[in-house]
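Engineer: quick one, structure for this:
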Amino acid sequence: MPDNNDLNLGPHLELLQHPALNKEEQDLIKELIEKTQSLHAENVRLRKTILRLSAGSSPRMSSKLRDALYE
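Structural biologist: Okay, here's the model as predicted:
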């Protein structure tokens with residue numbers, strides 16, 4: 001799976017055009033591609049949520065240190 005969160009389904013979509021596949025097999029591949037796209041989108045949303053939540057729980061600068069830095 002690519003590290004940069006890109007989902008490359010090109011080779012799988014090309015597989016749908018293979019002449020040896022019957023209608024049922026094409027439908028199954030389409031269903032798997034749709035499920036993969038859905039799970040990928042959910043994964044991206046969850047990663048963003050985790051990043052947002054983890055950034056919010058990072059240790060805060062103490063008020064004494066902040067005041068000293070602003071002096």
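Engineer: point out where the chain drops to low pLDDT.
Structural biologist: Counting by pLDDT under 70, the chain contains low-confidence ranges at 1-5, 56-61.
Engineer: where do the helices of it begin and end?
Structural biologist: Assigned by DSSP state H, the helices in the chain fall at 10-15, 23-56, 63-70.
Engineer: let me have the ones you listed in TSV, extended by mean neighbour count.
Structural biologist: Placement of C-beta: from N, CA and C, glycine included. Output for those, formatted as TSV (neighbours: other Cβ atoms under 10 Å):
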stretch	mean neighbour count
helix 10-15	10
helix 23-56	11
helix 63-70	9
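Engineer: now find how far off-centre stretch 51-71 is within its chain.
Structural biologist: Its chain's average C-alpha position is 29 Å from that of stretch 51-71, according to Cα atoms, centre = their mean, to the nearest Å.
Engineer: show the end-to-end separation of that stretch, please.
Structural biologist: Stretch 51-71 has its terminal residues 32 Å apart, counting by Cα to Cα, to the nearest Å.
Engineer: what sits closest to residue 32 if chain neighbours are left out?
Structural biologist: Sequence neighbours aside, residue 12 is the residue nearest to residue 32 in space, at 7.9 Å (criterion: Cβ to Cβ, 6 or more residues apart in numbering).
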